[in-house]
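Q: 3D, please:
(chains A, B, C and D)
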Number of protein chains: 2
Amino acid sequence: MLSQSIEDYLKAIYEVESSEGKVSTSALSEKLGVSPASVTSMVKKLSERKLITHKRYQGVKLTPAGKKIALEIIRHHRLVELYLKEALGVPWDQVHQEAEKWEHVLSEDLEDRIDKFLGYPVTDPHGSPIPRRDGTMIVRQCNALVDVEPDTLVKVVEVSDHDPELLRYLGGIGLYPETEMTVVSKQPFKGPIIVELTGKEHPIGRNAAKYIMVEKARN
Amino acid sequence: MLSQSIEDYLKAIYEVESSEGKVSTSALSEKLGVSPASVTSMVKKLSERKLITHKRYQGVKLTPAGKKIALEIIRHHRLVELYLKEALGVPWDQVHQEAEKWEHVLSEDLEDRIDKFLGYPVTDPHGSPIPRRDGTMIVRQCNALVDVEPDTLVKVVEVSDHDPELLRYLGGIGLYPETEMTVVSKQPFKGPIIVELTGKEHPIGRNAAKYIMVEKARN
DNA sequence: AAATTATTTTAGCCTTGTCTAAATTTCTTT
DNA sequence: AAAGAAATTTAGACAAGGCTAAAATAATTT
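A: Residues are numbered from 1 along each chain as shown, chains lettered A, B, ... in the order given. So this is what the prediction gives:
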């Protein structure tokens, strides 16, 4: 049995690796809210257990064994997020927080029951793909909203779950995964991006727009 | 925020107090699966925090503050047990094990959602009363099956959840809370108790019969 | 290329919750 | 009531996982 701490580190390493490519001590320190020194010592332990590889002063990388565990935790997390929303009506900006705790206590049996209850879903409430039981996960081709040219019809694929406030705002304007919308304009001087959905125009800050992944809609 | 360990101790103290009256170091050691020395040191900490009172070499007792927390945990535990059975079909001999983990990660919000989903239930799948949100719990008048005289019609009130194997046996013969049955005979020399339900007779060992609480059925 | 700055690691300490072994205290038996 | 047995506490150690301060290395600027 792995400690909750180890599970958190493996998940964080996976996520940093996905979004930034390289996994530095300071990135993990930041992400996990612990000191860099603590990261170094945990990194040493994870290396000894062959869950990651590590070259001093360079980054860290998951071994296949470590990756498998990270994806199991992420699978738990995303299944729980969707379950809480579907079965108990928890709003989408709160599910992440709850799932952070539940992901560590989910038995395989319960995982299967929840999976079945949900009809073997492939994405969570934020549009993130749910890893499969075998430790594989689909990879999608999409762009950040911030990089899309104006006058394009796009479909929302995924929204980062890291900021509840952003999620409440987006929910308020009806922007969810699968929603289609038009990128109307990008205001100059790093101003907001204007999108149109359900007939109304809404501003979305450039920073927020980095966390909204979209694909060109079939038109 | 209290540690999982502290929550486990408070719950154990409450349960031992209920079933044995006095709470000794060794009883807690046994119940929690830790050494007596560990119990002593945790007892010291809980006393300092005014969650229990303790006189050296005599027992331990919950303060009102400690009791409130214990009942909150037990409320979580029992709500989760019932929820897992009702919403996800987890068999009644497995819900206890799962709830042992879930009770520590349940937010107040989720507690309320589950409570509402279940229609504000008053007992868990084993017939144990669910403490109310305000920290009170109903106390029922009932007897252990082992103490009932033969030739009595009784109704099952509650079954201990501590032994999954016993629960599987009882489920197999259709013995659940609310079930009515007749105590046919008590075999001599500490032999089993014979009960009749749904037209069949079944033997129940004296030891098991200590863990089955019943009341006289209205006849 | 040297100096400064930023990142990472080492060293050493702390807290939590556990353990074993030994010392106390209480209980039980004779 | 004294001896032996059982229960409890004390003393001291350990593993996990965190921290700070200082040292080492890498990256950047001048």
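Q: so what are the domain limits for chain A?
A: Domain assignment of chain A by automatic domain parsing yields the ranges A:4-62, A:143-216.
Q: Which one of those lies nearest to DNA strand C?
A: When these are compared by C-beta to the nearest atom of the strand, domain A:4-62 sits nearest DNA strand C, at 2.9 Å. Every C-beta, even on glycine, is put in place using the N, C-alpha and C of the backbone.
Q: any bit of that closest one sitting next to chain B?
A: No: between domain A:4-62 and chain B, judged by C-beta under 8 Å from any C-beta of the partner chain, nothing touches; the nearest distance is 10.0 Å.
Q: which bits of chain A sit near DNA strand D?
A: Counting by C-beta under 7 Å from any atom of the strand, chain A comes close to DNA strand D at A:3-6, A:8, A:32-35, A:37-38, A:41-42, A:45, A:56-57.
Q: Go ahead and build a PyMOL selection from the buried members of those residues.
A: For the buried members of these, the matching PyMOL selection, counting by 16 or more other C-beta atoms under 10 Å in any protein chain shown, is:
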select buried, chain A and resi 6+8+32+34+38+42
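Q: from the residues of chain A next to DNA strand D, which two are the most distant?
A: Pairwise distances across these (C-beta to C-beta) peak at 28.2 Å, for the pair A:Gln4 and A:Tyr57.
Q: Between the domains of chain A, which one is closest to B:Asp115.
A: Of all the domains of chain A, domain A:143-216 comes closest under C-beta to C-beta, at 23.5 Å.
Q: gap between the two ends of that closest one?
A: Terminal residues of domain A:143-216 lie 9 Å apart, using C-alpha to C-alpha, to the nearest Å.
Q: which residues in chain A form strands?
A: Along chain A, counting by DSSP state E, strands occupy A:52-54, A:60-62, A:143-144, A:152-159, A:180-186, A:193-197, A:200-204, A:212-216.
Q: Let me have the domains of chain A in a markdown table, extended by distance to B:Ala87 and mean pLDDT.
A: Listed next are the domains of chain A as a markdown table, based on distance: least, C-beta to C-beta, whole Å; pLDDT from 0 to 100:
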| stretch | distance to B:Ala87 | mean pLDDT |
| --- | --- | --- |
| domain A:4-62 | 25 | 97 |
| domain A:143-216 | 24 | 95 |
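Q: and B:Pro64, which of those domains is closest to it?
A: With respect to B:Pro64, and counting by C-beta to C-beta, the nearest of the domains of chain A is domain A:4-62 at 31.5 Å.
Q: The closest residue to A:Thr53 other than its chain neighbours and A:Glu48, how far apart?
A: What sits nearest to A:Thr53 in space, not counting adjacent residues and going by C-beta to C-beta, 6 or more residues apart in numbering or on different chains, is A:Lys61, at 5.1 Å. To A:Glu48, A:Lys61 is 15 Å away according to C-beta to C-beta, to the nearest Å.
Q: quick one: which of those two has more around it?
A: Higher neighbour count among A:Lys61 and A:Glu48: A:Lys61, with 15 against 10, using other C-beta atoms under 10 Å in any protein chain shown.
Q: For A:Leu84, which non-adjacent residue is spatially closest?
A: Nearest non-adjacent residue to A:Leu84 (C-beta to C-beta, 6+ apart): A:Val90, at 4.1 Å.
Q: so who does the one you found touch?
A: Contacts for A:Val90 were tallied using C-beta atoms under 8 Å, 6 or more residues apart in numbering or on different chains; they are A:84, A:98, B:109-110, B:113.
Q: would you turn those into TSV with pLDDT and neighbour count?
A: As requested, those are exported to TSV (pLDDT from 0 to 100; neighbours: other C-beta atoms under 10 Å in any protein chain shown):
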residue	pLDDT	neighbour count
A:Leu84	98	23
A:Glu98	97	21
B:Asp109	98	14
B:Leu110	98	22
B:Arg113	98	17
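Q: Tell me which other helices or strands the lengthiest helix in chain A touches.
A: Using DSSP state H to define each element, chain A has its longest helix at helix A:64-88. In this structure, helix A:64-88 makes packing contacts with helix A:4-20, helix A:95-102, helix A:108-117, helix B:108-117, judged by 3 or more C-beta pairs under 8 Å, 6 or more residues apart in numbering or on different chains; DSSP states H and E.
Q: what about the second one and chain B, touching?
A: Spelled out, it's helix A:95-102. Yes: Helix A:95-102 is in contact with chain B by C-beta under 8 Å from any C-beta, via A:98, A:101-102.
Q: Would you indicate which residues of that helix are buried?
A: Neighbour counts over helix A:95-102 (16+ other C-beta under 10 Å) mark A:95-96, A:98-99, A:101-102 as buried.
Q: tell me which strands and helices that helix is in contact with?
A: Contact analysis of helix A:95-102 by 3+ C-beta pairs under 8 Å, 6+ apart lists helix A:64-88 as its packing neighbours.
Q: any idea of the angle the helix it packs on forms with helix A:108-117?
A: Inter-element angle recorded for helix A:64-88 and helix A:108-117: 50 degrees (by axes from the mean of the first three to the mean of the last three C-alpha atoms, to 10 degrees).
Q: how far is helix A:64-88 from where the chain is centred?
A: 11 Å (C-alpha atoms, centre = their mean, to the nearest Å).
Q: So which bits of it are buried?
A: Under 16+ other C-beta under 10 Å, the buried positions of helix A:64-88 are A:66-85, A:87-88.
Q: Compute the inter-axis angle for that helix and helix A:95-102.
A: Using the same axes, to 10 degrees: helix A:64-88 against helix A:95-102 is 120 degrees.
Q: Of the residues of chain A next to DNA strand D, which ones also sit close to DNA strand C?
A: Restricting those to those touching DNA strand C (C-beta under 7 Å from any atom of the strand) yields A:37, A:41, A:56-57.
Q: Just put these in a markdown table and tack on distance to B:Leu166.
A: Formatted as a markdown table, those follow (distance: C-beta to C-beta, whole Å):
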| residue | distance to B:Leu166 |
| --- | --- |
| A:Ala37 | 50 |
| A:Ser41 | 46 |
| A:Arg56 | 56 |
| A:Tyr57 | 58 |
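Q: residues in contact with A:Ile194?
A: The contact partners of A:Ile194, taken as C-beta under 8 Å, 6+ apart, are A:183-187, A:201-204.
Q: ok, so of these, who is nearest A:Pro131?
A: For those, the minimum distance to A:Pro131 (C-beta to C-beta) is 28.8 Å, reached by A:Ile204.
Q: burial count for A:Glu17?
A: A:Glu17: 18 surrounding residues under other C-beta under 10 Å.
Q: Quick check: chain neighbours aside, which residue is closest to it?
A: Closest residue to A:Glu17 apart from its sequence neighbours, by C-beta to C-beta, 6+ apart: A:Val23 at 5.2 Å.
Q: can you tell me how far A:Glu72 sits from A:Gly127?
A: Distance from A:Glu72 to A:Gly127, by C-beta to C-beta: 20 Å.
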